[in-house]
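Asks: sequence plus predicted model, see below.
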Amino acid sequence: MNAFLSWSILLAPITAAVLIGLFTKQNSKLSSKLSIGAIGFSFLMTLLLAAVNSGTPEIPVTSSVTWLEVGGLKVELGMIIDPLSMMMLLVVTGVGTAIHIFSLGYMKDDPSLGRYFGFLSLFTFSMLGIVLASNFFQMFIFWELVGVSSYLLIGFWFERKPAAAACQKAFIVNRLGDFGFLIGIILIWSITGSLDFGEISGAFTENPALLGASTAIAGLLIFCGVLGKSAQFPLHVWLPDAMEGPTPVSALIHAATMVAAGVYLLCRTLFLFELPTSWPEDFAWLNGVSSLHIVALIGAITSIMAALIATRQDDIKRILAYSTLSQLGYMVMAVGLGGAAAGMFHLTTHAFFKALLFLGAGSVIYAAHHEQDIWKLGGLRKKMPVTFWTFLIGTLALCGAPPFSGFYSKEEVLLAAYQSNVVLFVLAAITAVLTTFYMFRLVFVAFGGSAKSESADHAHESPSVMTTPLVFLAVLSVVGGWLGIGGYFGHFFDHGAVHHGHHENQTVVMFIGIGAIIFGFFPAFFMYHGAESDPLKKGLGGIGEFLKNRMLIDEAYQWFISRTHEALARLADWIDRWILAGFLVKGIQFTGEFTGRALRLAQTGNTQTYALLFGLGLAVALFVILL
Amino acid sequence: MIETLFFITFALLTLICALLVVANPFSRNPVTSAMFLVLTIISMAGLFVLLNAFFLAAVQVVVYAGAVIVLFLFVIMLLDIEEEERRKLKQFSVYSGILVAGVVAVIAITAILSSGIGAYASASPVIQGNPAPLGKILFRDYLLPFEILSILLLVAMVGAILLSKKDLK
Amino acid sequence: MSVLTTIIMLPLIGALTLLFVPSRHKTVVRMIACSVTFLSMLLAALTFFEFNASDGAGYRNEQITPWVESLGIQYHVGVDGINIALMLMAAVVGYSATLVAKSITTRSKEFHVLLLIMIGGVLGAFASLDLFFFYFFHELALIPTFIMIGFWGRGENRNYITFKVTLYLSLGALIALVGLVMLYVKAGAGSFDIVEITKAVQANPISLADQNMIFPLLLFGFGILVSLWPFHTWAPMGYGAAPTATAMVHAGALKKFGLYGLIRIALPILPDAAAYWAHIIAWLCLGNLLYCGWVAMRQKNLNLVIGNSSVAHMGFVFLGISSLSLIGVTGAITVMVAHGFLAALTFGLTGYLADRGKSLELDQMGGILKSMPAIGSFLVLALMAGCGLPGFANFVGEAMVLFGSWSSFSMITIFGVWAGLVIGAVYMLRALRRALHGPLASNYEGVADASGIGAKAPYLILIVFLTLFGVFPRMLTDKISPAVESSLDLMKSTTSLTVAEKLNTDSADQTSEAPLAAESNSRGNLAESPQLESTQG
Amino acid sequence: MIQFEHYLIVSALLFCIGLLGVLTRKNLLVLYMSLELMLNAANLALVAASRFHDNLNGQIMVFFIITVAAAEVSVGLALIVALFRRRQTTNVQDLSELKL
Amino acid sequence: MNTSLMFLEILVALAGLGILVGDLWTPDKHKKKLGYGAAAFLGILFLISFQVQVGNVKYAFGGMYILDSLAIFFKRVFLLAGGVVMLMAVEFTPKIKRGVSEFYALLLFALAGMMIAASAYDFSLLFVTLELITITFYILASYLRSETASLEAGVKYLILGALSSAVLVFGIALLFGSTSALSFLEITETLGQSSGSLASNPLAIAGAVLVFAGLAFKLAIFPFQFWAPDVYQGAPSPVTAFLAVGSKAAGMVLVLRVLFQALPSITLNWSAFLATLAIFTILYGNLAAIPQKNLKRMLGYSSIAQAGYLMMGIVAMSSAGASAILFYLVGYAVTVLSAFLTLTLCVNAIGSSEIKSLSGLMDRSPLLASTMILAMVSLAGIPPLVGFFGKFMLIQSVVESAPAGWGCLVVAAIIGVVASLYYYLGVVRAIIWDKSPNTELEKIQISTPSQALLYAGIFMMIYLGFFQNQVVEAAQNAASVFNF
């Protein structure tokens, strides 16, 4: 039963994708029905699966097929159904369904709607594959597939140059992360001889020193994959650009699901990070630092950096994108600090409210005829009430205002930080302040005040096919947090990495959290309520520009790449052109021809020269043979 | 002793005349070369006689001096060739020619001297190169080459006629 | 008569038949050509799917016909796991190339004759178990290649390119020929039959000195044919200039000949030299993987990007071979098969564009995906497969190669991963973006897409096989790995112990321990962990 | 006492003199005469060998050589005549149209 | 006296005489038919030659004439070449103003000479037949005496040929001087006796070198090859073809007999020397051919290169090497004859033997074009054509017997083949894809016999490329006369 359900969850979307790709691409109605039907089916099956298994808290691998077996390399396609994956399944299919439906309205004028839904189904399939994966190899396969479907969706409007550039960037940056991921997989396989999560963690339980000196290295290599997919510093650069894709895609992939895959992977492979850390000799100076420390640090850096940048963005989607980055940093930090449950909790609630925010933004953009600059919007509160109220709910949830879902999960994260590392906690708190600030800046500028452009002036509420998902997600954003009360997420991790129950700590953290909201809200209110232009523009000066230009990290990449790979490529090309193809090949050719021309000079046409050479040859032959 | 004297005389005559055929410091006229060739042939016939090849000595004089050289002279006259043009001799070709010929000579003489071939030779000859024994061998053992030579001569005849005939325009 | 002979002879007989068809009957020519290659493909597919690896090692569908007995030459064909997939691949590529050849208008009969000869030659080379015929069939396929590039080729420079390709490949083939002849002589079997030679070598291994003389000849001879770095410069140019169908068959199928030769001949028969030279192959393959990847990054012509990437992919095969491990070599063969389909697909598609759009300069391209959705999406699929995306057979092969080569050459494997995942993605996506994305280029205005199943068929067939083996890799690997295993076993059994010991001491300072022991990845030795830092060589 | 070697030396010298002529003289006719000298050197060696080995076969060979030489001369001279008619020259250096 | 052994030669010579006589009664316009007749006659003789069964070695004229499998093998090659050349000559007759029948007759006499040379087992017979061949070729090469090129070729061949004859004769004299014998049988015996002291006698060795040089001249082996390009270019095409095939094969059979049957005890030590010559010959011929623009001249250089490859079989000094040579010669004969037949027909139609002038041939006559292409590819030694298998056998024989310096030899062979592709493909390029400068492209008319011959040539090049067995066995059978 479990096997059937899990397989049908996985295969429904790919069936839809294949059908659309092969047959119904031209027919957008049928395609969209197929795609929505498939994810809806998956959602229902997931619910069914959850219902079937509600009694049993712990269901491991349900089914597996040997996909590849050569010598010591055995790859199975398996299905892990445990609370962790169950939760992810629900998020992916649930939020996914909402977004699929929303797309129907948002994309209805697009001529390539069939293609769009095909890609969407492909993405759903890949994402479900990641969630269900029972081993590293399978995880990597779907990891890559997620990457490519993200590529296809970002580049959906490929005839626009920025979209074409953005999808390429997303893919390549993801590949950088996968580079480490794959090496990590190979390393772990070569030592343990297995790829299966269960077997490997079993082996580690038996012998925690199995990885020897490379424990930390192995963990960090796996973490590389997380860096790419969850857009952690320094591989975060692709995510803001990815907003070139259609807004529902941003909601689904770049807010709710795909970027969360990294956090999911971290949780899935947590056993690897919890091994006693040891470094190879060359890295001995790192002794004492565990790989989890590095994970947490990266998460914290990402969250504060993204929050800072978000304050200076004007594009509604970009603000949300940096906000996503920042929240992902939270999650990773939480996992790194031992709060895997908190991370997962935040992941779930974030999926709800961030999807909601993005869809809200989509609704705005749709209404404002693809105007995305917040300074050209304004006054939408009256014109689009449903969108406004749902958006506000999302904002509050994101800021962590009680009793919205974000409050609970954020509090967990902050608590985890507070308990283990004060520095990181302070960073997280500042991030929370900034979060409130930039979110309300967005709300005040885009929805408040008066319309600042014609397109905003003519905006009116979106059709119900779009608002229904908004409402649905808004409800989830409100109630989603109650899931976590009572430490539901703690059950995911059998070894109980979360230390619950320090009530004093909890209270302190709660107050700090709420304080952060207040500290964030009022500056935003004073600065942006009814503002026509950004007062911070001049106020911050150079730092503002620095933030606006995304801390020049893209430029740094540009510089670095042109100094390394482009230079190497130029060198290789030069060698190829001039040394190998030119000097050597042409040189040999020239030598041949030259020798030919030189040799035939002996052919003077003069008989006596020939006779002379004949005689000379004879003399030499006689000399050689006789003496 | 007498034989030695004759040998030296004829050998020297042969070589000097041959040299004069090839490189006559006084004349570059082909006729002079032809005349010295006759002398070379005749002194060689002398050597043949010393070697008991009486018939061949006669053939040598008759065929070479009497026919071949005459043919040469005939052609020279026919073509009315004056002295070899006094073109600037290419020094290089002359020196290299001398060098090559010299080297071959040195190698050949070294080979001959170091071969000790005299040890294999019989000092007192029994057979003499008279027509009778020669004819017997020629028409018994060497009939096939002889017949082929007849074809060769036919070919030469046909060829000479074809080549030297005037074009009929 | 073996079914293999039928598969080989069908195209050749087709070529012969075409000679007697008047050239004005173009449809008849097309019909004959397509039907013989189709039949050939059908038979190859049947043989492939009938092939059951569990029947044990050894050759199936064998046929031995004496040829020049006094020289030990016989016509001997047969398949095992190693070449059955290659046969299928070659037949499929051949059929698809024949379909593509429809676009040839001038002297189309002659083109088809040459194409069929080429296809027959490729099939024969893969099926032959006799060194002479193995070589003979390969050369049979090469000559048409040259003429086709010269006469039907593209570009101003094709004259020079034809000569370059010809001389390069002939040089490689001749070097390999000398190696094969030496192998014949030194094996002392008095026969060119691979089976016989193998038996003879098993009983009486070739001396190390001789092995070390023959192996480099084979390696570099075959290496030139496969565009092993630094002998690769003919390939991108050649494929750029070749007519579409020719490039498909050559890049797809014919080029695998050299690799097949290394795996079939050099490894099992010359085990000691193989172990010794594996290090050199491993380092050279970096030239393919990294260097050619970089070169591809700089190219401004789509065909040159693809050509260089095709060269770069060969690096994976060499890496797999050099690992001398079951996983690595199986992976190498899988890559060969997958790359066969892939190369044919990409060159088929670029050929389509070049024939109609006139320019493959990336500056003058753009927006093709919008105006030509079918061709555009095929090309996207091809490029994606080219950067090693799961779902396509390439991924399986490359992954296996990387897994297999880790324990022998971990540093090189890291570079391989970098090249495959990052550099590959960079140049492929750049090309994709410039050619397919963005606004439509003026060159391509009004260029028709492939419409109808007929026009799409050649590409669809290739994509189907590419994904079929990508999604169900065991269809390939279950056939390949037993054959590779027995071949590697043979290799181990023919290595004299003293030699192995000598190699061990020799290569102690090299990148790894004895590569012969490379296959130590079984689950049994969990405790034996290669140290990461010790691999820095 | 005159030995076989002495005759051979004379013959070798004669051969080299002929070779010298072939290599240096420009007039085709003289050049041809030099070739005759080379053939005669062989004749001398053969006759001497015949004498010292007591074997008439060498003399037969000489007989053949003389005949062949005659045939060669007749063809050669005819050719030279034809050439002279065509080109008005007997200088070997003028024959260098076919080259390189 | 067993004259019946040599009935083939006698018939050929008689045919020559018959043509000379028949010419008297044949009106000018029918003289062409004499050539057809002669060609048909040679064809019949070729077929008859397969009826000659060679069981044991047979001698005639006191051991001077030998009939063994080697001899009959070469006779067949000569007859085949003679027949084809005769047809070529018929095609060529429009260019010959006078003496058409004499031309045929001379070809037949030369052919008879070659056939006897294949059986020569005595230095006197060797010399005489060789002179018959050579002197006939002097005349044939200068046959177009209205063309200075032809005359020049004739004179050059005359002078250098006479020089080589003189060297050969002096060599024979030295050998006779040291061994006191002219017959191969006796010489082998004498040299083999006395525990080889004679075999190491400088006089005998010098004689062997001189004899080898004289024969190498015919084969066009470096450094005795300089005549070849000039003469090939200047001589009439059929004569060039006959030089390339007949004269070379005759030289080869004599070299084989002299080196391995008459003087084995001397020449078996020569492998390094011969290998050096082979290397230089291959490299010289192939490299110098690269810049050539005239097809005939290029084929001249190519024939030098082919001689170099043939030398590889000699260097191997094994029966495998000898049989490789024989197979190679057959393939070479088929290929070169096809090439020259095409060339003759092209020159007749186009009026030039420049490679450039072949452009557009594909349109003007696909048959000629494809024959020429196949011939070039076969000469280059690429499967599936016959040229490949010959090279394959040669390389195999060298690798197998591994004489001194064989590595360099093989390397040189590879370089040679690759370089040769460069110029052979140049011809192919000119034919197939170079644009013809003059646009008028009338079809070239080819007479029926020539057409048949061209088809036969194509067929043989391909057939022998695939089905080598019969010829290989014949070659091995023929090579079995050598005791290595």
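Replies: All right, it came through fine.

Asks: drop to CA atoms for contacts and neighbour counts, all remaining ones
Replies: Will do.

Asks: now the lengthiest helix in chain B: buried residues?
Replies: For chain B, the longest helix by residue count, based on DSSP state H, is helix B:91-115. Residues of helix B:91-115 classed as buried by neighbour count (16 or more other CA atoms under 10 Å in any protein chain shown): B:93-94, B:96-98, B:100-109, B:111-113, B:115.

Asks: what subset of those residues is also close to chain D?
Replies: B:93-94, B:97-98, B:100-102, B:104-105, B:108-109, B:112-113 (CA under 8 Å from any CA of the partner chain).

Asks: near chain A, from the residues you listed?
Replies: Among those, the residues lying close to chain A (CA under 8 Å from any CA) are B:93, B:97, B:100, B:101, B:104.

Asks: for residue C:77, which non-adjacent residue is spatially closest?
Replies: Distances taken as CA to CA, 6 or more residues apart in numbering or on different chains put residue C:128 closest to residue C:77, at 4.5 Å, once the chain neighbours are dropped.

Asks: sorry, back to before: hmm, the longest helix of chain B touching chain E?
Replies: Yes - residues of helix B:91-115 contacting chain E under CA under 8 Å from any CA: B:108, B:111, B:112, B:114, B:115.

Asks: low-confidence stretches in chain C?
Replies: Low-confidence segments of chain C (pLDDT under 70): C:496-537.

Asks: cutoff 50 now
Replies: C:497-500, C:502-503, C:505-537 (pLDDT under 50).

Asks: closest residue of it to chain E?
Replies: residue C:68 (4.8 Å; CA to the nearest CA).

Asks: which residues touch that residue?
Replies: Taking CA atoms under 8 Å, 6 or more residues apart in numbering or on different chains, we find residue C:68 in contact with C:74, E:468, E:469, E:472.

Asks: can you give me the helices for chain B?
Replies: Under DSSP H, chain B gives helices at B:2-22, B:30-50, B:54-59, B:69-79, B:91-115, B:131-140, B:143-164.

Asks: what sits up against the second one?
Replies: Okay, so that is helix B:30-50. B:3, B:6-7, B:10-11, B:13-15, B:17-18, B:20-22, B:24, B:54, B:56-58, B:60-61, B:64-65, B:69, B:72-73, B:76, B:83-84, D:27, D:29-30, D:33, D:44, D:47-48.

Asks: which among the residues you listed count as buried?
Replies: Judged by 16+ other CA under 10 Å, buried ones among the contacts of helix B:30-50: B:7, B:10-11, B:13-15, B:17-18, B:20-22, B:54, B:56-58, B:60-61, B:64-65, B:69, B:72-73, B:76, B:84, D:27, D:29-30, D:33, D:44, D:47-48.

Asks: now narrow these to whatever sits close to chain E.
Replies: Applying CA under 8 Å from any CA to those, those adjacent to chain E are residue D:48.

Asks: quick revisit: OK, contacts around the residue nearest to residue C:77?
Replies: Applying CA under 8 Å, 6+ apart to residue C:128 gives the contacts C:75, C:76, C:77, C:78, C:134.

Asks: same deal with residue C:179?
Replies: Residue C:179 makes contacts with C:214, C:215, C:217, C:218, as judged by CA under 8 Å, 6+ apart.
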